[in-house]
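Peer 1: structure, please.
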Amino acid sequence: MARLTCRYLLKCVKLFVLFGLVNGLFIMGYKVYFEVKYRTVQYPCDLKTHNREIVKKSMLQAGNASRSHNVQEQCKPFQSRIKMSKLRKTFKSQMPLFVNENYTLWSNVAEYPLPFGVQSYESEIDDLLKVVKETAYPKELLRPGCKKCVVVGSGGILAGSGMGLEIDSYDVVMRVNGGPTRCFEKDVGTKTTMRISYPEGAPQEPGEYDPSELFVLVPFKSKDLEWLERVATGRTVSWIGYWRPRIANSVPIPRSHFRILNPEIVGHTAFDLVKFPLNKGRKYKNVPTMGTICIMAAMTVCDEVAVAGFGYNPNDPDSRVHYYEDMKMDTAFVLSTHDIHGEKQFLKDMVKYGIIKDLTGGIMW
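Peer 2: This next block holds a predicted model:
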């Protein structure tokens, strides 16, 4: 009887292991299929013959004076931060933008783990700061005077918008994740002051990086810190351990141009401003989208903040999620790990009270 029971249990264990392997292979196969079908940039031009300088010249020649007028209006110092403080009394306007050697002295940064803080990751961050040593702001933010910034998302609303010239005329251009500019200059502009992203969201094409831009990592897990160390030192990267089967293997900018976003900005945005649940610091439907994280990063250093390429129309399931790929809205909402509806109301309030200016008008949909 005991032998029969042991044999039965052994068979059950084997079946369980086999099921796990099959299920794992199925999930991996679907991820690869999804990446190829939906996550491939659809360039509308030939990259081999594309000349950005010629495109920029034609954009300037065909420039619409009325569009540039909005940007040339007199900048109002601290406007976005003053209005944000009225909407949310808990808003912190003095947080450092990047992690630096003094990060352990900051008030709430050790209260939560990544991406909301640095709890249990201090030694890894210390090691990374020995490689990524520079923590200074870009020169556009260091110059005196009032600064206007635009945060450029990847929303499908940018397709055919002709917003490129207006985007480029802002003092600081912050781009979210891997939204490409090559072949899309007329709609999204050519200028990039800093790109804020993570390994799975960063551009996979080396040609998408401008040598003068800053790359700002938003770390969600330990592998992200490892990834930054590897790309900053020119070492190879394996996709194993990441959320997607394809990640950026190279970020061809000087090592001095890499930064780490202050995780306190993510935690403050999630828990104090958007009012997501704490979940004891666990990541589940309480992580802001990269777009909102970038907006709040801009709020800490810019006097006026505008956005472009934000907002989705949930009532149109066939509309494109991004301006550069074929994924539709119905697919995005099924796959989303964010509380998109809860976050959207927060962004609507920011537009309503004049905290941010929505250049493409998608947030109020």
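
Peer 1: gap between the two ends of stretch 194-213?
Peer 2: Start and end residues of stretch 194-213 are separated by 5 Å (Cα to Cα, to the nearest Å).

Peer 1: Ala159 and Cys183 touch, don't they?
Peer 2: No - using Cβ atoms under 8 Å, Ala159 is not in contact with Cys183, being 11.9 Å away. Any C-beta I mention is one placed from the backbone N, CA and C, and that applies to glycine too.

Peer 1: okay, these two: which has more neighbours?
Peer 2: Per other Cβ atoms under 10 Å, whichever of Ala159 and Cys183 has more neighbours is Cys183, with 19 against 16.

Peer 1: against Glu325, how distant is the closest residue to Cys302 other than its chain neighbours?
Peer 2: Nearest non-adjacent residue to Cys302, counting by Cβ to Cβ, 6 or more residues apart in numbering: Cys149, 3.7 Å away. Distance, Cys149 to Glu325, using Cβ to Cβ, to the nearest Å: 26 Å.

Peer 1: now swap in Lys357 and tell me
Peer 2: 26 Å.

Peer 1: cool, and Glu122?
Peer 2: When Glu122 is compared with Glu325 (using Cβ to Cβ), they lie 37 Å apart.

Peer 1: the more surrounded of those two?
Peer 2: Between Glu122 and Glu325, counting by other Cβ under 10 Å, Glu325 is the more crowded of the two (17 against 13).

Peer 1: the more buried one: what secondary structure?
Peer 2: Under DSSP: H, G, I helix; E, B strand; the rest coil, Glu325 falls in the coil class.

Peer 1: wouldn't it be in contact with Thr40 here?
Peer 2: Yes - in terms of Cβ under 8 Å, Glu325 counts as a neighbour of Thr40; the distance is 6.4 Å.

Peer 1: what sits against Pro144?
Peer 2: For Pro144, no residue meets the contact criterion (Cβ atoms under 8 Å, 6 or more residues apart in numbering).

Peer 1: okay, and it sits in which element?
Peer 2: Using DSSP states H and E, Pro144 maps to neither a helix nor a strand.

Peer 1: Tyr43 now?
Peer 2: Applying DSSP H and E, one finds Tyr43 in no helix or strand.

Peer 1: residue ranges for the helices of the stretch 151-300 of the chain, please.
Peer 2: Counting by DSSP state H, counting those that start in this stretch, the stretch 151-300 of the chain has helices at residues 164-168, 185-188, 222-232, 263-267, 290-299.

Peer 1: name the residues that touch the third one?
Peer 2: The set of residues that contact helix 222-232 without belonging to it, under Cβ under 8 Å, 6+ apart, is 114, 121, 124-125, 127-128, 131-132, 198-199, 217-219, 235-237, 241-242, 247-251, 255, 258, 260.

Peer 1: from what I can see His257 touches Asp210, true?
Peer 2: No - counting by Cβ under 8 Å, Asp210 is not a contact partner of His257; they are 9.6 Å apart.

Peer 1: so the nearest residue to Tyr121 once chain neighbours are set aside, which state does it fall into?
Peer 2: In space, Tyr121 comes closest to Leu114 once its chain neighbours are excluded; the distance is 5.8 Å by Cβ to Cβ, 6+ apart. Secondary structure, three-state DSSP: Leu114 is coil.

Peer 1: against Tyr324, how distant is Leu114?
Peer 2: With Cβ to Cβ as the criterion, Leu114 and Tyr324 are 28 Å apart.

Peer 1: tell me where the model's unsure across the stretch 201-350 of the chain.
Peer 2: 280-284, 314, 329-339 (pLDDT under 70).

Peer 1: can you give me the strands for it?
Peer 2: All strands of the stretch 201-350 of the chain, identified by DSSP state E, counting those that start in this stretch, fall at 214-217, 258-260, 304-308.

Peer 1: okay, the closest residue to Gly164 other than its chain neighbours: pLDDT?
Peer 2: In space, and not counting its chain neighbours, Gly164 is closest to Gly189: 4.2 Å by Cβ to Cβ, 6+ apart. pLDDT recorded at Gly189 is 97.

Peer 1: can you check Glu124 too?
Peer 2: pLDDT, Glu124: 97.

Peer 1: ok, now the one 10 residues further on?
Peer 2: According to the per-residue confidence, Glu134 scores 96 in pLDDT.

Peer 1: ditto for Gly160
Peer 2: 93.

Peer 1: cool, and Phe91?
Peer 2: At Phe91, pLDDT is 97.

Peer 1: then Lys11?
Peer 2: Value for Lys11, per-residue pLDDT: 64.

Peer 1: isn't Cys146 up against Glu304?
Peer 2: Yes - the pair Cys146 / Glu304 is scored as a contact, 7.4 Å apart, by Cβ under 8 Å.

Peer 1: of those two, who's got more company?
Peer 2: Glu304 (25 against 14).

Peer 1: what's the pLDDT at Ile356?
Peer 2: On the pLDDT scale, Ile356 gets 98.

Peer 1: for Lys130, same thing?
Peer 2: pLDDT, Lys130: 97.

Peer 1: mind checking how far it is from Leu47?
Peer 2: Applying Cβ to Cβ to Lys130 and Leu47 gives a distance of 36 Å.

Peer 1: where do the strands of the stretch 1-150 of the chain begin and end?
Peer 2: 148-152.

Peer 1: give me the neighbour count for His341.
Peer 2: 10.

Peer 1: for it, what are its contacts?
Peer 2: Applying Cβ under 8 Å, 6+ apart, no residues qualify as near His341.

Peer 1: distance of it from Lys348?
Peer 2: On the measure of Cβ to Cβ, His341 and Lys348 end up 11 Å apart.

Peer 1: what's around the nearest residue to Gly241 once chain neighbours are set aside, how many residues?
Peer 2: Nearest non-adjacent residue to Gly241, counting by Cβ to Cβ, 6+ apart: Lys223, 4.7 Å away. Using other Cβ under 10 Å, Lys223 has 20 other residues around it.
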